[in-house]
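Here is a sequence together with a model predicted from it:
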Amino acid sequence: MGREGSIGGGAGAAVTEGVLRKILLSYAYVAVWIFLSFTVIVYNKYILDPKMYGWPFPISLTMIHMAFCSTLAFLLVRVFRLVDLPSAPPMTRDLYLSSVVPIGALFSVSLWFSNSAYIYLSVSFIQMLKALMPVAVYSIGILFKKEIFKSSSMLNMLSISFGVAIAAYGEARFDGTGVALQLGAVAFEATRLVLIQILLTSKGISLNPITSLYYVAPCCFAFLLVPWSVVELPVLRARSTASLRPDLLVFGTNSFCAFALNLAVFLLVGKTSALTMNVAGVVKDWLLIAFSWSVIRDTVTLINLFGYAIAFLGVAYYNHVKLQALKAKEAQKKAAQADEEAGKLLEQVDGPGDNRKGETQD
């Protein structure tokens, strides 16, 4: 009896240890993602802001990121063969043109606009404007018939928008160009996320961050060449070569951080869930606002914080609703599996019984 109790205690300890390890790993993935996302945002602000590093060429910076990510992804996939490309379904030319190219185009414009906004707006205000992402995703989801219109959801979206509007009203460094760029970035990013569901997920295509960069990054680089040749190339030609020579250490580490962030996103979403990333994003936004106010010395007003607090509550409620829907879906899936297993068990029990009955009658 003592031995049985010992075995049971050992199993319970093993289960507890396994659960604890899983929880600690989840927190580690969240911490790594927050750190890298935080680093990339602040690093981009440092490079692009005229008052800091003073290299105000957001398209060029984005192209450097895409070139760096394309090269690393190519080496990992084609040269070292550490990552396999999806084979079911295979990435054909038609599939690439119909699915990957539109997503790459939207991604390139989203990155261009969001990086450009750092020239005009503070880090804290940009994070407040990013709270509109659920509003954009929900609205575009309805437009593409991926979301169902609900009055409660729309009221939630309006509360988030109202909070962001108050934060914008209280912004000390409000700039119309910067706000338009950031709102455009949110709209293009939301459209990209919805199109990923429509064009890739619905066709059974699953891409990890390396294969995503392998396919999407060169496409982004090609699309960015058009605005770069019109907007930044003439300015770059007019300046002296010495003033345009980028610091390899600064741009190299910045590009590596951007690449590492893609890996962190994959780990976080793959090992936890996209919802976890949304919740972690809220924590990251508050940390960035605090950092922007305390270290960068950006002005954050009480109206800013009041407006963002309203938006934050709306986003928190949005995440809560998503979590409840996810739990309901998982419970429904488990119930369906249980019914299927019960049906198979009944078939196994009834089958031999029927045979024996037939033998008796004979």
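On my side now, so go ahead.

And residue 129, how far from residue 289?
Going from residue 129 to residue 289 by CB to CB, to the nearest Å gives 12 Å. For glycine as for every other residue, the C-beta is placed from the backbone atoms N, C-alpha and C.

meant to ask about residue 141
For residue 141, the distance to residue 289 - CB to CB - is 28 Å.

which one's the longest helix in the protein?
Assignment by DSSP state H gives helix 302-361 as the longest helix of the chain.

could you say what helices and strands it packs with?
When contacts are defined as 3 or more CB pairs under 8 Å, 6 or more residues apart in numbering; DSSP states H and E, helix 302-361 packs onto helix 123-129, helix 133-143, helix 151-169, helix 274-294.

Who are the packing partners of the helix or strand containing residue 104?
Per DSSP states H and E: residue 104 is located in helix 101-120. Here helix 101-120 touches helix 2-48, helix 58-74, helix 123-129, helix 176-195, helix 209-227, going by 3+ CB pairs under 8 Å, 6+ apart.

Mean pLDDT lowest where, among those?
Across those, helix 2-48 has the smallest mean pLDDT, namely a mean of 77.

Spatially central, which residue of this structure would that be?
residue 265 (6.4 Å; CA atoms, centre = their mean).

Surely residue 195 is in contact with residue 100?
No: in this structure, residue 195 is not within contact of residue 100 by CB atoms under 8 Å, at 10.4 Å.

what separates residue 278 from residue 265, distance-wise?
From residue 278 to residue 265 the distance is 12 Å (CB to CB).

just to revisit the earlier point, for the helices and strands packed on helix 101-120, give me JSON lines that also has distance to residue 315.
Output for the helices and strands packed on helix 101-120, formatted as JSON lines (distance: least, CB to CB, whole Å):
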{"stretch": "helix 2-48", "distance to residue 315": "16"}
{"stretch": "helix 58-74", "distance to residue 315": "26"}
{"stretch": "helix 123-129", "distance to residue 315": "11"}
{"stretch": "helix 176-195", "distance to residue 315": "13"}
{"stretch": "helix 209-227", "distance to residue 315": "25"}
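
Can you give me the buried ones in stretch 246-261?
Buried positions in stretch 246-261, judged by neighbour count with 16 or more other CB atoms under 10 Å: 246, 251, 254, 255, 257, 258, 259, 260, 261.

again with stretch 201-208
So stretch 201-208, judged by 16+ other CB under 10 Å, has buried residues 205, 207, 208.

so is the closest residue to residue 211 other than its chain neighbours in a helix, a strand, or just coil?
Using CB to CB, 6 or more residues apart in numbering and skipping the chain neighbours, the partner closest in space to residue 211 is residue 85 (5.8 Å). Secondary structure, DSSP: H, G, I helix; E, B strand; the rest coil: residue 85 is coil.

quick one: average confidence on stretch 281-288?
For stretch 281-288, the per-residue pLDDT averages 88.

Going forward, count from 15.
Okay, residue one is now 15; in that scheme the one you just asked about reads as stretch 295-302.

So which bits of it are buried?
295, 298, 299, 302.

Please consider this matter closed, and thank you.
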